[in-house]
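[1] need a 3D model of the sequence below.
(one chain, ligands or ions: 1)
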Amino acid sequence: MNAKINRHEFADKLTLADQLARDIASKLDAAIKARGKATLAVSGGGTPKQMFAVLCEQEIDWSKVTITLVDERWVDTDSDRSNAKLVADHLLHHEAHTATFVPLFDSAHKDDVDAALGDVGKRIDALGQPLDVVILGMGPDGHTASFFPGGDNLDKALDLDGKQAVISMRAGGAGEPRITLTLPRVLDARTLYLHIEGNDKKELLAKAEAGEDVPIRAVLTQDRVPLDVFWAP
Ligand SMILES: O=C1O[C@H](COP(=O)(O)O)[C@@H](O)[C@H](O)[C@H]1O
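    Numbers count the residues shown, from 1 in each chain. Below you'll find the model as predicted:
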């Protein structure tokens, strides 16, 4: 089985950031109008910064939007590696300053990500299902969320029958320990985006579609939700 993939290609990153941010805002606005609230799960890393700069200026009722992360590096929130810091520095500003942020990091268990899974899982469950918008990224090794090649919990994270909202992950390429939404939670989205930039990532995605065994393939070979791929060189 294969995901229905809608491809959106742009001449440059700024145009992509503008279009993706407007698309996301329209989905959040529609959710607010339909259900009185909206949920958004964003990825970290370097790619989302320009898009966040546009998204935070969109005029929707951000006080009704709850933002969380697809995955987090298990580091303090003042670390430059923290995805929560990325969101605080680049997204929770301007119009979006009234949004509620639900972190995946738990400072009460800063030395033991596994001890935090129960509490953080409850936080994510409390957001309700499905999430309105989930935005994935992809690393140069084909990881998405914190589904890393060779990760110690990769099989559990990718189990489509799994019930956990979040799971820990340790892998050679991951740096520090991670916490990540599991694949069934990522796919339980009204709208699922994959935001990637650069020719290397485009080529890697094509290889994954053709059968290369990298974690992003799990998102390409599912039929639960269409995937909107946004790419620019
Ligand atoms: O470590 C991570 O990396 C991926 C990709 O990041 P990028 O900098 O190559 O865009 C990201 O999607 C993930 O959320 C993050 O934790």
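
[2] and the next element down the chain from the biggest helix by length in the chain?
    Criterion DSSP state H: the longest helix present in the chain is helix 13-35. Using DSSP states H and E, the helix or strand that directly follows helix 13-35 along the chain is strand 38-42.

[3] what's that following strand packed up against?
    helix 13-35, strand 65-69, strand 131-136 (3 or more Cβ pairs under 8 Å, 6 or more residues apart in numbering; DSSP states H and E). For glycine as for every other residue, the C-beta is placed from the backbone atoms N, C-alpha and C.

[4] what's it in contact with?
    Contact with strand 38-42 is made by 24, 27-29, 31-32, 48, 52, 64-70, 87, 91, 127-128, 131-135, 181, 186, 189, as judged by Cβ atoms under 8 Å, 6 or more residues apart in numbering.

[5] what of stretch 112-125?
    With Cβ under 8 Å, 6+ apart as the criterion, stretch 112-125 contacts 68, 74, 102, 104-106, 108-109, 164-168, 177-179, 181, 185.

[6] switch to 7 Å and redo it
    68, 74, 102, 104, 106, 109, 164-168, 177, 179, 181, 185 (Cβ atoms under 7 Å, 6 or more residues apart in numbering).

[7] which of the residues in that stretch are buried?
    113, 116-117, 120-121, 123-124 (16 or more other Cβ atoms under 10 Å).

[8] return the residues in contact with Arg35.
    Counting by Cβ under 7 Å, 6+ apart, there are no residues that Arg35 touches.

[9] and it, how far is that from the ligand?
    26 Å (Cβ to the nearest ligand atom, to the nearest Å).

[10] mind listing the helices in the protein by residue range?
    13-35, 49-55, 83-90, 113-125, 154-157, 183-187, 199-210, 217-220.

[11] CSV please, covering these and showing mean pLDDT and distance to Trp231.
    Formatted as CSV, those follow (pLDDT from 0 to 100; distance: least, Cβ to Cβ, whole Å):
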stretch, mean pLDDT, distance to Trp231
helix 13-35, 98, 7
helix 49-55, 98, 13
helix 83-90, 98, 20
helix 113-125, 98, 28
helix 154-157, 98, 25
helix 183-187, 98, 19
helix 199-210, 98, 6
helix 217-220, 98, 14
